[in-house]
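Enquirer: Quick one, what's the 3D model for this:
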Amino acid sequence: MDTIPSLPAKLSPSLTEREAITDALYRFLVGLDTNDKTLFESAFTPTASFTVNGRNAQGLSALHDNCFTPVSKLDTTHFTTNMRINIDTSGTKASMTCTGLSQHFRKGKGLQPEQPRLLAGSLYYLDFVKDSDGTWKIDDWKAQSTWAEGDWAVIQEVLTD
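Expert: The predicted model follows:
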């Protein structure tokens, strides 16, 4: 998407710890929805693991191949809510549970009526670590879809390209 600019990975003024942890998740989702590779990458550790419905990608390169590249070929929006965050006593690790909705259309078809689409509701569990510069990043993400409506082919087509 070229019309909506992205904000930088580091926001001003400084965020609270909980806001900064949540922001790592938002950087991933907004980076994905706006095809912003830099913002997407800022959300993850280099060795991050991402598992969706049992399908695992390990490391930033695999996240690009199995998530960013295929999904950025679609018209998407991702939303999260019901976030609960636990920060460990060291202050450098945290975990989150939340729920998400993700809407997927074929590229350029999102605003056209009666297009095939896939809407999915999912439960998320994420582990975060604080980087040496103080930036929170996702180290492990498990997503399990609990329901879906629409056409799975919309997303399966880009996963097999």
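
Enquirer: show me what contacts Thr92?
Expert: The contact partners of Thr92, taken as Cβ atoms under 8 Å, 6 or more residues apart in numbering, are Val129, Lys130. (Glycine included, C-beta is placed from N, CA and C.)

Enquirer: Look at Asn66 and say how many residues are nearby.
Expert: 17 (other Cβ atoms under 10 Å).

Enquirer: Can you give the contact residues for the helix ranked longest in the chain?
Expert: In the chain, taking DSSP state H as the definition, the longest helix is helix 17-33. Taking contacts as Cβ under 8 Å, 6+ apart, the residues outside helix 17-33 that touch it are 1, 6, 9, 11, 15, 36-44, 67-68, 71-72, 76-80, 83, 85, 87, 91, 94, 96, 98, 126, 128, 135-138.

Enquirer: So which of those are in strands?
Expert: 44, 76-80, 83, 85, 87, 94, 96, 98, 126, 128, 136-138 (DSSP state E).

Enquirer: List buried residues within those residues.
Expert: Of the members of the ones in strands among the contacts of helix 17-33, the ones counted as buried by neighbours, 16 or more other Cβ atoms under 10 Å, are 44, 76, 78, 80, 85, 87, 94, 96, 98, 126, 128, 136-138.
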